[in-house]
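Colleague: What shape does this take:
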Amino acid sequence: MKIIYLHQYYNTSEASGGTRSYEISKHLIDNGHEVIMIGGDEIDLNNIYDDFPERFIYKSTRTKYNNHMSFLNRLISFLHYAYKAILLGRSIKGADIIYATSTPLTIGIPAYRLSRKLNIPFVFEVRDVWPEVPIGLGFIKNKIVIKLLKKFENKIYEKTRHIIALSDGMCDSIISKGIPSNKVTVVTNFSNIKLFEKNKFDSEKIREKYNCTNKQFLCIHAGTMGFINGLDYVLNAAIYLLQKDPEVVFLLIGDGKDRERLLKRIKMESILNVKIVDPVSKIDIKDIIMSSDVGLMTVINNPVLLNNSANKFFDYLAAGIPIIINYGGWQKEVLRNAGAGYSVRSDNPKDMVKKLLELKNNKELCKEMGREARLLAEKSYSRDEGCKKIENILLNVLSNFN
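Modeller: Numbering: from 1, shown residues only. Next comes the predicted model:
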């Protein structure tokens, strides 16, 4: 297959952020397919071609985007990418199929337009159910805009040959909009088992880099620091722990609109057991995660976020550390059933404090939960199996189209 792959936020393992599309591309190329990736950023092609043979081509729309943008500026960015992706895609000769991954939902514009122009099918991957999420969070309030967005969403779902959802909840949401169940397949994010191996691993040295000793109980949050992530919850828990056990420390790695505000709060309130550091590449983050005792995931209290499928959840599993989340949904059930972590109350940081102290004071329990996390990654969220599933979907769509 010759695949046009549309992803505005494409990253390699050399950059910070999610690498799902990188992993899928690598699998497809390793199995004899050709990928033309249309991304938003300019990327160091030397790093790309070090990892991929000549069957990978990267085209950039040179779209400006960052986590500090206002909602309006983000929308402008989305539309810029869509327009430029159409222009770049139209010149591609001999493509067989299009694979488009959201967010944003506007990725469906170039997918649909190019599908018609080139007379080839497209598969649509839903990473977040748009516009359901921004509507549920109150970012979009205009009733006319909401109606138009929902109409556009349904049109994309109708025109695509197949939909890949990243969680069962997302799948259910799509089906509830009238989409046939046999048109939707769940392929969650992946746990990169091979990347998170313990060989050549010096936990003490890595901890020293972040002014943390082996005696301290290190809790990590790796990812975006935005409104949705609700990291004040972690800071509130840290304040309680300063009194109860200052040996429990927090390392927050990433960037986002809330980062500066969180840094100011840490300084003003002397929250000495929390440190915020800059984002690092996927390769570097794995050693930091594996040097930690617990992986944290928080979101603001809103039911529309329960179906999320954040990359860090699967990285924590692969690293073999317990996970604590402050929300319900499918990840709560996964952790409970596997004994790989806890779901705590979103309205009470003391609940997280209680669980963290329980794990710190019971090393065997902490290790056992870590073992179950790793086992869960190996059995249920293998990168190789997930990528193979996507490859088979693309092949089936192409076969039925022809």
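Colleague: CA only for contacts and neighbour counts going forward, please
Modeller: OK.
Colleague: Which SSE is immediately downstream of the least confident helix or strand in the chain by mean pLDDT?
Modeller: Least confident helix or strand, the chain: helix 45-51 with a mean of 57, by mean pLDDT, DSSP states H and E. Later in the chain than helix 45-51, the nearest helix or strand by DSSP states H and E is strand 56-60.
Colleague: Parallel or antiparallel, list what pairs with that following strand.
Modeller: Sheet partners assigned to strand 56-60 using DSSP bridges are listed as strand 34-39 (parallel).
Colleague: C-alpha coordinates for the partner strand, CSV please?
Modeller: Taking Å, rounded to 0.1, in the frame of the first residue of the first chain, the C-alpha atoms of strand 34-39 are listed here in CSV:
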residue,chain,number,x,y,z
GLU,A,34,5.0,3.2,1.7
VAL,A,35,4.0,6.2,3.9
ILE,A,36,3.7,9.8,2.9
MET,A,37,3.3,11.7,6.2
ILE,A,38,1.8,15.2,6.0
GLY,A,39,2.5,16.9,9.4
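Colleague: Strands of the stretch 251-400 of the chain, start to end?
Modeller: Along the stretch 251-400 of the chain, counting by DSSP state E, counting those that start in this stretch, strands occupy 274-277, 294-297, 323-325, 341-343.
Colleague: Need these in TSV (columns: mean pLDDT, distance to residue 114 and mean neighbour count).
Modeller: Listed next are the strands of the stretch 251-400 of the chain as TSV, based on pLDDT from 0 to 100; distance: least, Cα to Cα, whole Å; neighbours: other Cα atoms under 10 Å:
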stretch	mean pLDDT	distance to residue 114	mean neighbour count
strand 274-277	96	41	17
strand 294-297	98	37	24
strand 323-325	98	40	24
strand 341-343	97	43	25
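Colleague: mind putting those in a markdown table, distance to residue 352 included?
Modeller: Formatted as a markdown table, the strands of the stretch 251-400 of the chain follow (distance: least, Cα to Cα, whole Å):
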| stretch | distance to residue 352 |
| --- | --- |
| strand 274-277 | 15 |
| strand 294-297 | 10 |
| strand 323-325 | 8 |
| strand 341-343 | 9 |
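Colleague: and stretch 234-247, which residues are buried?
Modeller: 234-239, 241-242, 245, 247 (16 or more other Cα atoms under 10 Å).
Colleague: Okay, now the unreliable bits of the stretch 1-150 of the chain?
Modeller: Within the stretch 1-150 of the chain, the ranges that satisfy pLDDT under 70 run 14-17, 44-53.
Colleague: can you pull the buried residues of stretch 68-82?
Modeller: In stretch 68-82, counting by 16+ other Cα under 10 Å, buried: 74, 77-82.
Colleague: biggest separation within those, which pair?
Modeller: By the measure Cα to Cα, 74 and 82 form the most distant pair in the buried residues of stretch 68-82, at 12.4 Å.
Colleague: Please name the nearest non-neighbouring residue to residue 78.
Modeller: Closest residue in space to residue 78, ignoring its immediate chain neighbours: residue 106 at 6.4 Å, by Cα to Cα, 6 or more residues apart in numbering.
Colleague: so what's that neighbour up against?
Modeller: 78-79, 82 (Cα atoms under 8 Å, 6 or more residues apart in numbering).
Colleague: Return the closest of the residues you listed with respect to residue 361.
Modeller: Among the contacts of residue 106, and counting by Cα to Cα, the member closest to residue 361 is residue 78, at 47.5 Å.
Colleague: where's that closest one relative to residue 227, distance?
Modeller: Residue 78 sits at a distance of 20 Å from residue 227 (criterion: Cα to Cα, to the nearest Å).
Colleague: One more: residue 144?
Modeller: Counting by Cα to Cα - residue 144 and residue 227 are separated by 25 Å.
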